[in-house]
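J.: model this:
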Amino acid sequence: MKQLKKSAKLANVLYDIRGPIMDAAKQMEEDGQKIIKLNIGNLAVFGFDAPEEIQQDMIRNLPTSAGYSDSKGVFAARKAVMHETQKQGIAGVTLDDIYLGNGASELIAMSTNALLNDGDELLLPAPDYPLWTASTSLSGGTPVHYLCDEANGWMPNLDDIRAKITPRTKGIVVINPNNPTGALYSDALLKSIVGIAREHGLVIFADEVYDKVLYDGAKHTAIASLSTDVLTLTFNSLSKSYRSCGYRAGWLVVSGDKRSAQDYIEGLNMLSNMRLCANVPGQWAIQTALGGYQSINDLVCDGGRLRRQRDLAYELITAIPGVSCVKPTAALYMFPKLDPEVYPIEDDRQFFLELLKETRVMLVQGTGFNWATPDHFRIVFLPHEDDLREAINRIAKFLEQYRLRRKSRQ
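T.: This next block holds a predicted model:
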C-alpha cells in the first residue's frame with residue numbers, strides 16, 4: 001500500500017509544548033495515573049476563571065452570533081481595541097488597522113503567510129514561543145534566532161540581532177513580556193530594536209499577550225508606541241490577562257508607516273477574508289474585557305495568587321542543587337537552567353520524558369523553545385501552592401537520584 005507522508009513543509013516545524021511528552025502523559029492518564037501538568041499556560045484547568053461579566057456578555061449576545069461577522073471582526077470589539085491602543089500611546093490606529101482572530105495564534109500565522117516568500121528570513125528570539133518559528137517555516141520563510149542573554153536577565157542581544165540581518169531579512173519578532181523566560185524589556189532596549197528595524201527597513205512583530213501579567217510594580221511599554229514610522233504589527237488576546245484561552249479571542253493591530261506596506265496589508269486582508277471571520281461569541285467578550293475592571297491586577301499584586309505562586313516556584317526551584325533561574329518579572333513561566341557540569345544531558349526531550357514517567361510531572365524541555373543547548377526547561381507556575389510544592393519536590397527528588405547515579409558511576 002502506498003504510504004501517505006506529511007508535507008515537506010512540516011520538516012522544520014516543532015511544537016513540543018504539545019508534543020511527544022504530552023502524548024506520553026495522555027497515555028499515562030488513560031492508564032489511570034494522575035499527571036501534574038506544568039507544560040502549558042492553560043489557566044482554566046487550575047481554577048483561574050474568566051471574569052463573570054465577560055461570560056455574561058457572551059451569553060447575552062449568543063442569539064445574534066450565529067452568522068458571520070465582518071471578516072475583520074465585530075465593530076464594537078474593534079472599537080474597544082482601538083481605544084486600548086490610544087491608552088497605550090500607539091498613534092494613528094483606525095478601525096481598518098485592527099483584525100480580530102481565533103486567538104493571537106491564528107493572526108501570527110496569517111501575518112507570516114502574508115509576508116514571507118520562500119527563503120525570506122525572520123529574526124526570532126532564542127528561546128522563543130515556538131509557534132513563531134513554526135509559522136515562519138510553514139510560510140516558506142527561514143527562522144533565524146537571535147540570542148536572549150540569560151546573564152543579562154534574558155534581554156535580547158542587540159549585537160547578535162545586528163549580526164544576523166541579511167538582505168533576506170524581512171522582520172523581527174519581539175516577545176515582550178517574554179514567553180518562556182518571563183523577562184520584561186526596558187524602554188531603552190525597545191527603542192534600540194526600533195532603531196535597528198528603522199535602519200534596515202524591517203517589520204516589527206510585537207507579541208504582547210502578557211502585557212498585563214506584571215509583578216513587583218513593573219510597567220509594560222507597547223513597542224508600537226515608540227515610533228510612528230516603523231511598520232509594527234502588535235498581537236494580543238484575552239487568553240492570559242483575562243483567563244479566557246478557550247474563547248479564542250485575539251487581535252492584531254497594524255501601526256506605523258502603512259503607506260509603503262499597502263501590498264502587504266492587501267495580503268492580510270485577503271487572508272482575513274478567506275477565513276471568513278473569527279469566532280463571533282468570543283469577539284463579544286473583547287469590549288467588556290478591555291473596558292471593565294482589570295481583575296488580573298488582583299492576581300499579580302503583592303499577596304495575589306499568581307504573585308505567591310511565582311515566588312514559591314522560584315524559591316523551590318532555585319533551592320535544587322545545580323539549578324539556577326532568572327526570576328520572572330512577568331507572564332506565567334520561568335526558564336530554569338540545569339548546570340551542565342551537574343546534569344550533562346545529551347537529549348533533553350528524552351530526559352524530561354524519563355522525568356515524566358518517574359514523577360508524573362509534565363514539563364517542556366528547553367530545546368522545545370528553540371534554545372540550542374539541552375540545559376533548560378520551562379515551568380508553568382499556575383497550580384495551587386500545595387500542588388506546585390508537590391510537583392517541584394518530585395522534580396527535586398528526580399534530580400537528586402540523577403546526581404547520585406552519576407556520582408556512583410564516576
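J.: Sketch out the low-pLDDT regions of the stretch 1-150 of the chain for me.
T.: Counting by pLDDT under 70, the ranges of the stretch 1-150 of the chain that qualify are 14-18.
J.: try 90 this time
T.: The model of the stretch 1-150 of the chain has pLDDT under 90 over residues 1-26, 28-29, 35, 37, 39-42, 45.
J.: where do the helices sit along it?
T.: For the stretch 1-150 of the chain, the helices defined by DSSP state H, counting those that start in this stretch cover 20-30, 52-61, 75-88, 103-115, 130-138.
J.: On the three-state scheme, residue 178 is what?
T.: coil (DSSP: H, G, I helix; E, B strand; the rest coil).
J.: Tell me who's in contact with it.
T.: 125, 148, 154, 184-185, 330-331 (C-beta atoms under 8 Å, 6 or more residues apart in numbering). Any C-beta I mention is one placed from the backbone N, CA and C, and that applies to glycine too.
J.: same question, residue 380
T.: Each residue near residue 380 by C-beta under 8 Å, 6+ apart is listed here: 37-41, 332-333.
J.: Pick out whichever of those residues sits closest to residue 86.
T.: Each of the contacts of residue 380 was checked against residue 86 using C-beta to C-beta; the closest is residue 332, at 27.3 Å.
J.: Report the spatially nearest residue to that closest one, omitting neighbours in sequence.
T.: Spatially, and ignoring its direct neighbours in sequence, residue 332 is nearest to residue 41 (4.6 Å; C-beta to C-beta, 6 or more residues apart in numbering).
J.: Just the CA trace of the helix or strand hosting residue 159, in CSV.
T.: Element membership for residue 159, per DSSP states H and E: helix 158-163. C-alpha atoms of helix 158-163 as CSV (Å, rounded to 0.1, in the frame of the first residue of the first chain):
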residue,chain,number,x,y,z
LEU,A,158,21.5,43.8,20.2
ASP,A,159,24.8,43.0,18.6
ASP,A,160,23.6,39.5,17.8
ILE,A,161,20.5,40.9,16.2
ARG,A,162,22.6,43.2,14.0
ALA,A,163,25.0,40.4,13.1
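J.: Would you mind measuring from the closest residue to residue 298 other than its chain neighbours to residue 234?
T.: Distance criterion C-beta to C-beta, 6+ apart; nearest residue to residue 298, sequence neighbours excluded, is residue 304 at 5.6 Å. Here the criterion is C-beta to C-beta, to the nearest Å. By it, residue 304 lies 26 Å from residue 234.
J.: can you tell me which residues contact the nearest residue to residue 276 once chain neighbours are set aside?
T.: Take residue 276 and drop its neighbours on the chain: the residue closest to it by C-beta to C-beta, 6+ apart is residue 68, 5.4 Å away. By C-beta under 8 Å, 6+ apart, the contact set of residue 68 is 276-277, 280.
J.: re the thing from before, okay, the contacts of residue 178 in a markdown table with neighbour count next?
T.: Listed next are these as a markdown table, based on neighbours: other C-beta atoms under 10 Å:
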| residue | neighbour count |
| --- | --- |
| 125 | 29 |
| 148 | 23 |
| 154 | 22 |
| 184 | 26 |
| 185 | 24 |
| 330 | 25 |
| 331 | 28 |
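J.: Return the member of these nearest to residue 262.
T.: residue 125 (28.8 Å).
J.: That closest one contacts residue 144, correct?
T.: No - counting by C-beta atoms under 8 Å, residue 125 does not reach residue 144; the two are 10.7 Å apart.
J.: Mark which of the contacts of residue 178 are part of helices, please.
T.: Among those, DSSP state H puts none in helices.
J.: Can you add distance to residue 358 and give those residues back as a markdown table?
T.: Below are those laid out as a markdown table (distance: C-beta to C-beta, whole Å):
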| residue | distance to residue 358 |
| --- | --- |
| 125 | 32 |
| 148 | 31 |
| 154 | 29 |
| 184 | 35 |
| 185 | 37 |
| 330 | 32 |
| 331 | 28 |
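J.: List the residues that contact residue 176.
T.: Under the criterion of C-beta under 8 Å, 6+ apart, the neighbours of residue 176 are 183-185, 190, 206-208, 220, 223.
J.: Quick one: list the elements packing against the lengthiest helix in the chain.
T.: Counting by DSSP H, the longest helix found in the chain is helix 385-409. In terms of contacts (3 or more C-beta pairs under 8 Å, 6 or more residues apart in numbering; DSSP states H and E), helix 385-409 is packed against strand 36-37, helix 305-318, helix 348-359, strand 361-362.
J.: and if we set it to 10 Å?
T.: The contact analysis (3 or more C-beta pairs under 10 Å, 6 or more residues apart in numbering; DSSP states H and E) places helix 385-409 against strand 36-37, helix 305-318, strand 323-324, helix 348-359, strand 361-362, strand 377-380.
J.: List the contacts of the helix or strand following the third one.
T.: Toward the C-terminus, strand 323-324 is succeeded by strand 333-334 as the next helix or strand (DSSP H and E). When contacts are taken as C-beta atoms under 10 Å, 6 or more residues apart in numbering, the neighbours of strand 333-334 outside the stretch itself are 38, 40-41, 129, 177-182, 210, 310, 313-314, 317-318, 325-328, 364, 369, 377-382.
J.: higher neighbour count, residue 304 and residue 234?
T.: More crowded of residue 304 and residue 234, by other C-beta atoms under 10 Å: residue 234, with 28 against 15.
J.: Determine how far the helix or strand hosting that one lies from the middle of the whole chain.
T.: Per DSSP H and E: residue 234 is located in strand 232-237. What separates the centre of strand 232-237 from the centre of its chain is 12 Å, taken as C-alpha atoms, centre = their mean, to the nearest Å.
J.: Perfect, that will be all.
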